[in-house]
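Undergrad: prediction below, plus the sequence it came from.
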Amino acid sequence: MLELKNICYTAEEGGKEILKDINLNINERFIAITGPNGSGKSTLAKIIAGIVTPTSGQILFNGEDITELSITERAKKGISFAFQQPVRFKGITVRDLITIASGNSKLSVAAACEYLSEVGLCAKDYINREVNASLSGGELKRIEIATVLAREAQLTIFDEPEAGIDLWSFNNIISVFENLYEKIQGSIMIISHQERILNIADKIILLSGGQLKKVGTKEEVLPELLYVASGCKATEKNTEEDK
Amino acid sequence: MAMDAIQLNLLKEVAGLEKIPKGAYNIRANGESAGRNTTANIDIVSKEDGTGIDIIIKPGTKNESVHIPVVISESGITEFVYNDFFIGEDADVVIIAGCGIHNCGADLSKHDGIHTFHVGKNAKIKYVEKHYGDGDGTGGRVMNPKTVINIAEGGYMEMETTQIKGIDSTDRVTTAVLDDKATLIVTEKLMTHGEQYAKTDFVIEMNGLDCSAHVVSRSIAKDKSKQLFTSNVKGNNRCNGHTECDAIVMGDAVVAAIPQIEANNVEASLIHEAAIGKIAGEQLIKLMTLGLTEAEAEEHIVNGFLK
């Protein structure tokens, strides 16, 4: 479904190399991207959604080269992206956002409410609220997830969906992913540090220092993850390997 | 006088009226009266010198409304109107005013007016005012509304004023004097485009004990338009005052905001806020990831902001 070929990205400011020659093929149901802070996970997700333009490389979606397509065009082709830090809007309501996301301007209130219920929000309390600073970080995050569910896209990317959500809801997040898969039969890509999310992944992508360290099943990747997580030691190991 | 399609459209834009309203009304079209109705509790009287009308609402009048729209569809009309509102004690009414100008000609169309409100003791009013212009002529569409507000003890006034598009130049002045326990809430919504200029100025004197005033302005300036927002909320007694201006600038537009507060009494509690900026890039990106184009995303953000 999604293929990344030789993706490189160098930050315009400071010239730091964020991603180095990433090659990936994604067809699985649940794909987890993990790795230390600053390893390039969010940048990779933004490159797929079209928010960040890679310095070089190619992105194929269902065999079509989408490297030059805009955010909007990619969204219309079936790529959906849930922000790590959801955006606030003055005057735009939860219902407005879900309606826009669904692509159906006549979406019924009941249908919009269903998406909210799915993320554990009492729909009638939220449906007409403005997506502004009056919402807490956790509420906003759940609304972000509900919005992305409404898109029913072939590929949905979640950037740290569990961040800022209390434990009670976190337990439900996995069933949210499972329900979404049941409905769409597409791919769900999740950037996460949480073991519980890594546990359900069919494929784990481990990034470190902008490079793919390991791609494989949980059994294959988790031992490597411990190595990378130890920080300085991992760098020492890499240096040795490079030699 | 029968109204034509253009006038009816203007009426719909400024007063939300599809047809002649129920209750009291006075419709002014092209500088002349186009219809009037009074009720048992609400009287509308022309001033003797012909410069405007007096709207007299009897004490205790409840759940009634007054519509006083003005429409101008002929090019080159300029007028100056004085309307005075006398709202009796304990009344609870809605007043809907508004002015629409359709100018297809080359001459200036201008509507200036002073609306003076005398809000009686414990009376409650909601005043809705909308200004609108259209027509593709080269003649200017100018409106300079002045609102003078006096609120007696325990009185309450909510003022909603909207000017969304089509007015080339406007100089809006609102002054208010508040007595004991009086409340004034002003919500202003403004959008300018092209080469338009809008100036808006509020001066609120909070004289009474425990009175309060909230002045909130939200505006969008597009293209090469210019806006100036000034407000001065003066606390002359134990009172609460708040003034806020929130603006989005687009294109080559210019916005200046000067929200001033002045405490002339040690018990006055006053707050001012002002924020001006372009549409946040992350808001556009978010809506684009939901499948909207950049232009559609911008439209949603602007409409939401002025909703």
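TA: Received the coordinates, thanks. Keep in mind the model is a prediction, meaning the values are calculated, not measured.
Undergrad: going forward, measure contacts between C-alpha atoms and count neighbours the same way
TA: Noted.
Undergrad: what's the pLDDT at the residue in chain B that chain A sits nearest to?
TA: Among the residues of chain B, residue B:304 lies closest to chain A, at 4.2 Å counting by Cα to the nearest Cα. If you check residue B:304, the pLDDT there is 92.
Undergrad: residue B:140 too?
TA: 77.
Undergrad: that one against residue B:108, yeah?
TA: Yes. Here residue B:140 reaches residue B:108: they are 4.6 Å apart, a contact under Cα atoms under 8 Å.
Undergrad: of the two, who's got more company?
TA: Taking neighbours as other Cα atoms under 10 Å in any protein chain shown, residue B:140 and residue B:108 compare with residue B:140 leading, 23 against 17.
Undergrad: next, name the residue at the spatial heart of chain A.
TA: Centroid-nearest residue in chain A: residue A:158, 2.5 Å away (criterion: Cα atoms, centre = their mean).
Undergrad: quick check: that one vs residue A:72, distance?
TA: 18 Å (Cα to Cα, to the nearest Å).
Undergrad: repeat for residue B:297
TA: Residue B:297 sits 10 Å away from residue A:72, taking Cα to Cα as the criterion.
Undergrad: ok so, going back, around the residue nearest to the residue of chain B closest to chain A when sequence neighbours are not counted, count how many other residues there are.
TA: In space, residue B:304 comes closest to residue A:91 once its chain neighbours are excluded; the distance is 4.2 Å by Cα to Cα, 6 or more residues apart in numbering or on different chains. The local packing of residue A:91 (other Cα under 10 Å) involves 19 other residues.
Undergrad: can you check residue B:101 too?
TA: By other Cα under 10 Å, the residues close to residue B:101 number 33.
Undergrad: which element, helix or strand, includes it?
TA: Using DSSP states H and E, residue B:101 sits in strand B:92-102.
Undergrad: what's in contact with that strand?
TA: Outside strand B:92-102, the residues that touch it by Cα atoms under 8 Å, 6 or more residues apart in numbering or on different chains are B:6, B:10-11, B:13-15, B:60-75, B:109, B:111, B:123-135, B:141.
Undergrad: in what helix or strand does the residue of chain B closest to chain A lie?
TA: For residue B:304, the host element (DSSP H and E) is helix B:294-305.
Undergrad: show residues contacting that helix.
TA: With contacts defined as Cα under 8 Å, 6+ apart, helix B:294-305 is touched by A:72, A:89, A:90, A:91, A:92, B:218, B:220, B:279, B:283, B:284, B:287, B:288.
Undergrad: ok, stretch A:133-149 next?
TA: So stretch A:133-149 is contacted by A:80-86, A:88, A:94, A:97-98, A:101-102, A:115-116, A:118-121, A:131, A:156, A:161, A:164-166, A:180, B:290 (Cα under 8 Å, 6+ apart).
Undergrad: just to be sure, which of those are found in helices?
TA: A:94, A:97, A:98, A:101, A:102, A:115, A:116, A:118, A:180 (DSSP state H).
Undergrad: and residue B:224, what pLDDT?
TA: Predicted confidence (pLDDT) for residue B:224: 94.
Undergrad: was I right about residue B:264 contacting residue B:239?
TA: No. Assessed by Cα under 8 Å, residue B:264 is found out of contact with residue B:239, at 10.6 Å.
Undergrad: ok, these two, which is more surrounded?
TA: residue B:239 (25 against 14).
Undergrad: who's the more buried one bridged to?
TA: Beta-bridge pairing of residue B:239 under DSSP bridges involves residue B:211, residue B:268.
Undergrad: if I pick it, what's in contact with it?
TA: Neighbouring residues of residue B:239 by Cα under 8 Å, 6+ apart: B:206, B:208, B:209, B:210, B:211, B:212, B:267, B:268, B:269.
Undergrad: just the buried ones from these?
TA: Neighbour counting with 16 or more other Cα atoms under 10 Å in any protein chain shown marks B:206, B:208, B:209, B:210, B:211, B:212, B:268, B:269 as buried within the contacts of residue B:239.
Undergrad: for residue B:148, see how far away the second one is.
TA: If you measure residue B:208 against residue B:148 using Cα to Cα, the figure is 17 Å.
Undergrad: and residue B:65, what element?
TA: Element membership for residue B:65, per DSSP H and E: strand B:62-72.
Undergrad: and that strand with strand B:92-102, angle?
TA: On the basis of axes from the mean of the first three to the mean of the last three Cα atoms, to 10 degrees, strand B:62-72 is oriented at 10 degrees to strand B:92-102.
Undergrad: no further queries at this time; thank you.
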